[in-house]
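> Sequence first, predicted model second:
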Amino acid sequence: MCGISAIASHRPVAGSLLQCLKNLEYRGYDSCGMAIFDQGKIELRKNVGHVAKVDEVEQFHEMQGQIGIAHTRWATHGGVTQANSHPHASNDGTFVVVHNGIFSNYQALRNELKSKGFVFHSDTDTEVLANLLQDLYVGIGDVEKTFVAAVKRLEGSYAVAVLTPYLPNQILGAKKDSPLVLGLGDGENYLTSDINAYISQTRDTVLLGDLEYVIVSKENYQVKSLVTGETLHKEVIQVQWDKETAKMGGYSHFMLKEIFDQPQTVNNALAIDDTQIQAVAERFLSKTHNFACGVGTTFYVAMVTSYLFKRYAGLYVPAVSSDEFPTLLPLSADQHTLFFSQSGETYDTRMAVRAAQNAGGATSAVVNVVGSSISQMVDQCIFQGSGPEICVVSTKAAFSQVVIGWRIAMRVGRLNGTLPAAEEQRILGVLASFSDLLERTLNEESGFIRQLAKKTSHIHNWLFMGKDIYYPVALESALKMKEVTYLHAEGLPAGFLKHGTLAMVDEKLYSLFFLPSPEEGELYRSTLAAIEEVKARNGVVVSFATEDNHEAREKMDYCIQLPKLPKELNPLMQLVLAQLFSYYSALHLGLNIDKPRNLAKSVTVG
Ligand code: AGP
């Protein structure tokens, strides 16, 4: 959830480091700073606030030098203060460090160093590494050996980059459980938390693995094992995300861009090689028990997947949230778990993967970020190819995961004889038709949705409700609304209403119902009955219906119009239109849509 950047270059780096900070700001934006080596010394500037605000104060461009490190922070240890912001320097200034993750043994190391006379100027765990390097260097005298010795003392999760005058042309980096990638530029090399930092400069990337370290200069690099010390020969990959994809593309917010990316997102998800779908499907059949797992939005993706497995494979694949997974389940070797994670770095999901594997279980994952920790931990990983999702609030990545989960569920159904091959092909055809339909509907309905959001943005309490697969759609849509508008939206099964929640309903409480199509029979009728329960108590109802569904439309106060569409696409369409409703509600409220308060794009700490 913090963003590390480090550059060794043939030219001044301050401007490039500032651009890296801006490109990684979505990972955390409490504070930021940079340290650059020039003429025998390291200059360090840092402060609290967004990158642009800190740059106004610190004037980063004044800093000279061709090698430096930078960091944008989401606070974990220690409050949001200038002293706690990164980079952190050792007492004598000879080692400067940036870090993403948590040194779980930092307190013991801090006490050890204090007993040797070291003074600490921050509350962070990171500062401990700077002073540990200084302390060990005295006895070792070699920077690389000192670095390895220090990093081996660390416990917990980390991605670190270190700058020192003792090694004036090189940066040292290492990782365990937090992301760190190497970008190979033209006369300059990058060491960063993720590809977005340098995507506008180069696509050539080396993925670093856990317990590996790297020594990088402007013209070359060496990757070694922290365990054996041997030099590792790593593949250079070409990242397909280009500069345009990573930029906002003319939209006013990344969230809006990423909502409108979804017609393409469907196609990307459907274009994933069938052998990858088959491989994960076979893992489902290789074990007696299967689970779907994620947290936050990706838990709701797991819940949708659970309904799809029932529908297409006749299986109950429980959805379990990552944070509860290790303690809730009696884990065993006869289990397979499919994990969903956009960032591939979420702490709770990494711990769930580890718990499943420690019990001998099989693990698969659908992940968006290439080279991320989870993608390297699991037995089988499908890269969803949704392109960079910059907005902290997830839309297209989750949507893509639903489509991929859909493909996997159908393939398992085909393999276990539940789903005829012809039916799988028919539904794949239906999903393939969604791209154009979604594109058209987003454009046709966004005006109405924007007006509706404006009209209802004063409402502070919502119920978002649905049944069957529409229930996790309601939960995810409620989370979107909360995240981006800070208003309270409770997602619940529509069938729960009469078991208590109905007591809340009156003219001040608005309800958004995710309504099945009439073709869905009892599911449609029972949801319509729930709408009538709310209307009978003067509650206000927003819902979805096609133009000719007069029976439903007359029961609603506000109807978001749906195009004629195959019933399979109904939940997907409503999921996306609800994203748009949350977006426009937040827009009308004038909130920071791409970086909501208190949140970070990837929660990499427990
Ligand atoms: C998404 O809108 C949320 N910001 C959050 O719940 C997110 O889905 C969750 O933290 C999981 O992240 P991941 O997909 O990167 O693992």
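Cool, the structure landed.

> What residues does residue 62 make contact with?
With Cβ atoms under 8 Å, 6 or more residues apart in numbering as the criterion, the residues that contact residue 62 are residue 14. Placement of C-beta: from N, CA and C, glycine included.

> And for the residue of the chain found nearest the ligand, the neighbour number?
Of all residues in the chain, residue 296 sits closest to the ligand, with a separation of 1.9 Å (Cβ to the nearest ligand atom). The number of residues packed near residue 296 is 22, by other Cβ atoms under 10 Å.

> Would you mind measuring from the closest residue to it other than its chain neighbours to residue 338?
Setting aside the residues directly before and after it, residue 296 is nearest to residue 479 in space (Cβ to Cβ, 6 or more residues apart in numbering), at 6.8 Å. Summarising the geometry, the distance separating residue 479 from residue 338, computed by Cβ to Cβ, to the nearest Å, is 20 Å.

> So the two - more neighbours on which side?
For residue 479 versus residue 338, neighbours defined as other Cβ under 10 Å are more numerous around residue 338 (31 against 21).

> May I have the beta-bridge partners of that one?
Taking DSSP bridges, one obtains residue 292, residue 364 as the residues bridged to residue 338.

> So the residue nearest to residue 296 belongs to a helix, correct?
Yes. Under DSSP: H, G, I helix; E, B strand; the rest coil, residue 479 sits within a helix.

> i'd like the first residue to be 27 from this point on
Sounds good: first residue 27 from here, last item residue 505.

> Spit out the contact partners of it.
So, once contact is read as Cβ under 8 Å, 6+ apart, residue 505 ends up touching 322-323, 326, 515, 517.

> How about residue 603?
If a contact means Cβ under 8 Å, 6+ apart, then residue 603 has 467-468, 471, 475, 570, 586 as its contacts.

> so how far is the helix or strand encompassing it from its chain's centroid?
Residue 603 belongs to helix 596-615 when assigned by DSSP states H and E. On the basis of Cα atoms, centre = their mean, to the nearest Å, helix 596-615 sits 19 Å off its chain's mean C-alpha point.

> Over to stretch 451-471?
Its chain's C-alpha centre lies 25 Å from the corresponding centre of stretch 451-471 when counted by Cα atoms, centre = their mean.

> Now do the end-to-end distance for it.
According to Cα to Cα, to the nearest Å, stretch 451-471 extends 30 Å from its N-terminal end residue to its C-terminal end residue.

> Over to stretch 540-547?
Looking at stretch 540-547, the gap from its leading to its trailing residue is 15 Å under the measure Cα to Cα.

> Give me the phi and psi angles of residue 515.
According to degrees, to the nearest 10, the main-chain angles of residue 515 amount to phi -130, psi 120.

> Find me the pLDDT at it, would you?
According to the per-residue confidence, residue 515 scores 97 in pLDDT.

> quick one: contacts for it?
So, once contact is read as Cβ under 8 Å, 6+ apart, residue 515 ends up touching 487-490, 503-505, 507-508, 538.

> Show me the residue at the heart of this protein, geometrically.
Closest to where the C-alpha atoms of the chain average out (Cα atoms, centre = their mean) is residue 369, at 3.7 Å.

> Please settle this for me: is it part of a helix?
No. Assessed by three-state DSSP, residue 369 does not belong to a helix; its assignment is coil.

> so is the closest residue to it other than its chain neighbours in a helix, a strand, or just coil?
Ranked by Cβ to Cβ, 6+ apart and with sequence neighbours excluded, the top spatial neighbour of residue 369 is residue 628, at 3.6 Å. In the three-state summary, residue 628 is assigned as coil, counting by three-state DSSP.

> tally of neighbours for residue 628?
The local packing of residue 628 (other Cβ under 10 Å) involves 27 other residues.

> I'd like to know how far it sits from residue 375.
From residue 628 across to residue 375, the span is 10 Å (Cβ to Cβ).

> How about residue 548?
Shown here: residue 548 relative to residue 375, a distance of 35 Å by Cβ to Cβ.

> didn't residue 74 look like it was pressed against residue 107?
Yes. With contacts counted by Cβ atoms under 8 Å, residue 74 reaches residue 107, the gap being 6.4 Å.

> Many thanks, we can stop here.
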